[in-house]
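Asker: how does the following fold in three dimensions:
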Amino acid sequence: MQTPSTGTSAPGPMAALPARPTWLTAPRLWPPRQQKIVGPIVLTTHDWSRPQAGEPQMFNQPLLEWFTTVRPMTLPAVYVPLAMWMFWLSLRSGVPAVTSMALFVSGLALWTLMEYVIHRFSFHFTPHGRFGATLAYLIHGVHHAYPEDHRRWVTPPVLSLPIAFALYFGFSFVFGRFINGLGAGVAIGYMLYDLTHYLVHRGQVKSRVVKFLRAYHMQHHYAMPERHYGVSSPFWDYVFRTHR
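Answerer: The predicted structure follows:
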């Protein structure tokens, strides 16, 4: 599936480098290359400011490369049981069923804000130095470099689960026994977000809602990569004025 590019061309060899790094200009300051990570492990990075077609190999080690890809049905297999377990823990801790359900719905709503914040400030963080640029590529740059690589339309659990557990234990100090009902909603919200991301990239759907979200997200990839951070909803883009 081909998506038209914005028509911008790569800067010439004499083009001035940006004075301050941003997520978008990092590939110009620290050009993509093959680099050793640890021992024999080599990572190949690419320019994520210029979307292109293809399915790049990231690591020279087959096992590591396998961990960077995931099938969409892996998400329900992981996050539905996890959400059910947390909801059960909420009931077991003495939180009434009605309250647990209210927390679950609140978790779904909370995820929409988390989705925006994580995408804008974590996925698109400003690198400082070669290490930061490499990290930016691993986290999200590879998806922008090759947005139609179907193997990377959802986040591998090897990355998302450690982050989820860290957030769970961090927020448990704030919400106490209410964390499980809230966390169950967040887990389902995250799963729906990542599956939505898969659908909008796949594009073979008749739903008007998904078609709208696809057009909105393709603008993020091919026209304004530092805008349109919402994937499952543009609501927070309008709130924080990053919708245009």
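Asker: show me what contacts the residue of the chain most remote from its centre?
Answerer: Relative to the mean C-alpha coordinate of the chain, counting by Cα atoms, centre = their mean, the farthest residue is Gly94 (34.4 Å). Taking Cβ atoms under 8 Å, 6 or more residues apart in numbering as the criterion, Gly94 is in contact with Arg177. The way it works is simple: take the backbone N, C-alpha and C, and place the C-beta from them, glycine included.
Asker: would you check that Leu108 makes contact with Gly189?
Answerer: Yes - here Leu108 reaches Gly189: they are 4.6 Å apart, a contact under Cβ atoms under 8 Å.
Asker: between these two, tell me which one has more neighbours.
Answerer: The neighbour comparison of Leu108 against Gly189 (other Cβ atoms under 10 Å) goes to Gly189, with 23 against 18.
Asker: helix, strand, or coil at that one?
Answerer: Under the three-state scheme (DSSP: H, G, I helix; E, B strand; the rest coil), the conformation of Gly189 reads as helix.
Asker: tally up the residues packed near His46, please.
Answerer: Here the number of neighbours of His46 (other Cβ under 10 Å) works out to 19.
Asker: that one: what's it in contact with?
Answerer: Taking Cβ under 8 Å, 6+ apart, we find His46 in contact with 32, 52, 56, 137, 141-142, 145-146.
Asker: again with Phe59
Answerer: Phe59 makes contact with 41-44, 65, 68, according to Cβ under 8 Å, 6+ apart.
Asker: scan those and report the most crowded one.
Answerer: Neighbours here mean other Cβ under 10 Å. Within these, the largest count is held by Leu43, at 20 neighbours.
Asker: that one - that's part of a strand, no?
Answerer: Yes - under the criterion used here (three-state DSSP), Leu43 sits inside a strand.
Asker: excluding chain neighbours, give the residue nearest to it in space.
Answerer: Of all residues not flanking Leu43 in the chain, Ile37 sits nearest, at 5.3 Å (Cβ to Cβ, 6 or more residues apart in numbering).
Asker: and for Leu82?
Answerer: Leaving out its chain neighbours, the residue that sits closest to Leu82 by Cβ to Cβ, 6+ apart is Ala187, at 5.4 Å.
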